[in-house]
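In: What follows is a predicted protein model with its sequence.
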Amino acid sequence: MYYCRNYSILIILYVCMFSLPLKATDTLTWVSVENTSYNYYMQGDWKNLGSFCDHAIANGFDYYLIRVRAGIAWFEQKAYRKATLHFEKAIEFNSTDFAKEYLYYCFIYTERYEDARYLSKSFDTLFLASLIIKQKPIAFVGIEGGLKLSSESKSYNNALFGQINLSHYLSGGMPLFHALSYYSQDEWRFSVMQYQYYLQIKPTLKKNLQLSAAGHFVYSDVSIYDTVYVEPPPVKKEPYLTKTQTLGFIGSIRLNRHTPLFDYSIGSTGMLLDTATQYQLNSGISWFPFKNNRLAIGGNFYLHALNDLTDISIAYAPSVSAYLSNRFQLSASYFTNNGYNITEHNGYFVNNSVDRTSSRWLITGTLAVSNKIHLYGSYVFENKIATSINTLYNYQVLMIGIRLIPR
């Protein structure tokens with residue numbers, strides 16, 4: 001745990017606050033609010049301090065010191081998302097380094113690294129140098145890869161995939177994420193080699209509101225075999241029915257809103273792949289019951305249509321994520337869809353298989369080996385429908401990755 005300094009500024013502002021006019025109620029006065037909150041603060045009684053400050057603020061006693069004390073109280077209880085709100089309000093009253101430093105670490109501990117970096121732009125050089133967690137131009141570099149194992153390996157062969165990715169910041173603080181991916185599969189109906197490039201930017205619009213815009217390019221080299229879609233192999237893979245190279249594009253935009261208990265998102269995605277054009281509207285919500293990122297429960301909801309808007313389908317994906325220790329995070333999600341395949345996660349996850357994914361289970365574990373090295377792995381169980389012959393099969397997907405984080 002990191003602690004902020006310069007508590008002496010609170011004593012100076014404590015004296016200055018006597019000149020501020022505040023609203024009184026039957027049970028609270030300016031003197032009682034100030035004395036009670038100050039005593040709780042000096043005693044380190046964070047639970048009572050947080051509750052009392054929230055009660056005082058709700059009754060109109062809203063000023064710099066009460067917000068700082070409320071923020072510290074919830075910060076010490078590790079309710080960083082709630083502490084964020086109080087420090088942001090404190091800065092509106094008085095933009096001091098003391099409140100900004102606490103707010104900075106609230107952002108770090110709730111994994112809002114772009115917001116932390118944006119806030120740090122207002123720090124002077126000496127204050128920025130004093131921060132325990134430094135800002136680097138590169139956020140992380142990662143590499144991952146895996147296998148898709150078919151339950152019907154004679155008919156639907158296994159697939160290989162891999163990716164390298166990079167997250168960094170422009171000179172003005174704009175965060176960018178790049179991912180270069182490869183996918184390969186050969187089966188009785190076709191062979192495909194696919195190369196993908198994904199770019200995402202995440203500008204901060206204003207306090208607690210962030211925009212995510214992304215573009216995803218998909219180049220496919222596909223050979224479709226001259227087979228009869230009645231029974232799977234053995235079949236002869238010659239001659240080719242066709243051999244094509246195609247370039248597809250996915251564009252996606254999303255707005256994210258942060259509150260102490262919830263994150264909300266709303267967005268839209270458009271996809272043009274081969275002869276298919278798809279339109280999507282999506283929304284998401286995450287609930288943080290402990291007012292930090294130790295536990296998140298939520299999901300995403302999708303409305304989508306292919307080629308025209310006459311047939312609209314629905315997909316949804318509930319999820320849960322929890323830190324089981326300070327270094328290990330476990331996440332799980334379920335996906336179900338009654339229409340054609342869609343693109344998920346702000347255009348990042350492209351499922352452009354000719355066969356439809358009817359449902360999918362996903363489990364991911366992330367281990368912070370050190371502050372600079374994170375290992376992660378995923379297991380996916382995916383139910384598929386072969387659309388041309390209407391048969392059912394499934395994939396089991398195994399993926400591992402490593403992320404290097406400069407400090």
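Out: Looks like it came in fine.
In: just the helices in this structure please.
Out: Taking DSSP state H, the helices of the chain run over residues 8-16, 30-43, 46-58, 64-76, 80-93, 97-109, 113-120, 125-130.
In: For the stretch 151-300 of the chain, give me the ranges with low pLDDT.
Out: 153-155, 226-241 (pLDDT under 70).
In: Next: the stretch 301-407 of the chain.
Out: 388-389.
In: contact partners of stretch 151-161?
Out: Under the criterion CB atoms under 8 Å, 6 or more residues apart in numbering, residues 145-150, 181-188, 232-233, 384, 386, 393-396, 399 lie in contact with stretch 151-161. C-beta coordinates here come from the backbone N, C-alpha and C atoms, glycine included.
In: now with 6 Å?
Out: 146-150, 183-187, 232-233, 393-394 (CB atoms under 6 Å, 6 or more residues apart in numbering).
In: what comes up buried for it?
Out: 152, 155-157, 159, 161 (16 or more other CB atoms under 10 Å).
In: Could you do stretch 375-383 as well?
Out: Buried residues in stretch 375-383, counted by 16+ other CB under 10 Å: 376, 378, 380, 382-383.
In: Switch the helices of the chain over to JSON lines; also include distance to Leu255, mean neighbour count and mean pLDDT.
Out: JSON lines is the format used below for the helices of the chain (distance: least, CB to CB, whole Å; neighbours: other CB atoms under 10 Å; pLDDT from 0 to 100):
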{"stretch": "helix 8-16", "distance to Leu255": "36", "mean neighbour count": "12", "mean pLDDT": "42"}
{"stretch": "helix 30-43", "distance to Leu255": "36", "mean neighbour count": "16", "mean pLDDT": "95"}
{"stretch": "helix 46-58", "distance to Leu255": "28", "mean neighbour count": "18", "mean pLDDT": "96"}
{"stretch": "helix 64-76", "distance to Leu255": "26", "mean neighbour count": "25", "mean pLDDT": "97"}
{"stretch": "helix 80-93", "distance to Leu255": "18", "mean neighbour count": "23", "mean pLDDT": "96"}
{"stretch": "helix 97-109", "distance to Leu255": "18", "mean neighbour count": "22", "mean pLDDT": "93"}
{"stretch": "helix 113-120", "distance to Leu255": "14", "mean neighbour count": "20", "mean pLDDT": "85"}
{"stretch": "helix 125-130", "distance to Leu255": "29", "mean neighbour count": "11", "mean pLDDT": "76"}
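In: May I see these arranged in JSON lines, with distance to Lys207 as well?
Out: Output for the helices of the chain, formatted as JSON lines (distance: least, CB to CB, whole Å):
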{"stretch": "helix 8-16", "distance to Lys207": "23"}
{"stretch": "helix 30-43", "distance to Lys207": "25"}
{"stretch": "helix 46-58", "distance to Lys207": "18"}
{"stretch": "helix 64-76", "distance to Lys207": "14"}
{"stretch": "helix 80-93", "distance to Lys207": "6"}
{"stretch": "helix 97-109", "distance to Lys207": "10"}
{"stretch": "helix 113-120", "distance to Lys207": "9"}
{"stretch": "helix 125-130", "distance to Lys207": "20"}
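In: Out of those helices, which is closest to Phe140?
Out: Closest to Phe140 of those is helix 113-120 (CB to CB; 9.6 Å).
In: which strands and helices sit next to the closest one?
Out: With contacts taken as 3 or more CB pairs under 6 Å, 6 or more residues apart in numbering; DSSP states H and E, helix 113-120 sits against helix 97-109.
In: who's in contact with Ala296?
Out: Contact partners of Ala296, counting by CB under 6 Å, 6+ apart, are 286, 288, 321.
In: swap in Asn282?
Out: With CB under 6 Å, 6+ apart, Asn282 has these contacts: 267, 300, 302.
In: 7 Å instead?
Out: 267, 269, 300-302 (CB atoms under 7 Å, 6 or more residues apart in numbering).
In: Let me see the domain layout of the protein.
Out: 8-130, 138-404 (automatic domain parsing).
In: Burial-wise, tell me which of those comes out on top.
Out: Ranked by mean neighbour count under mean count of other CB atoms under 10 Å, the domains of the chain are led by domain 8-130, which reaches a mean of 18.
In: Same list, the contacts of stretch 151-161, but as a markdown table with distance to Ile405 please.
Out: Formatted as a markdown table, these follow (distance: CB to CB, whole Å):
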| residue | distance to Ile405 |
| --- | --- |
| Gly146 | 21 |
| Leu147 | 26 |
| Lys148 | 28 |
| Leu149 | 31 |
| Ser150 | 35 |
| Tyr183 | 26 |
| Ser184 | 29 |
| Gln185 | 32 |
| Asp186 | 36 |
| Glu187 | 38 |
| Pro232 | 46 |
| Pro233 | 46 |
| Tyr393 | 39 |
| Asn394 | 35 |
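In: for those residues, which one is nearest Glu34?
Out: Gly146 (58.6 Å).
In: Now that closest one: closest residue in space, sequence neighbours ignored.
Out: Met399 (3.3 Å; CB to CB, 6 or more residues apart in numbering).
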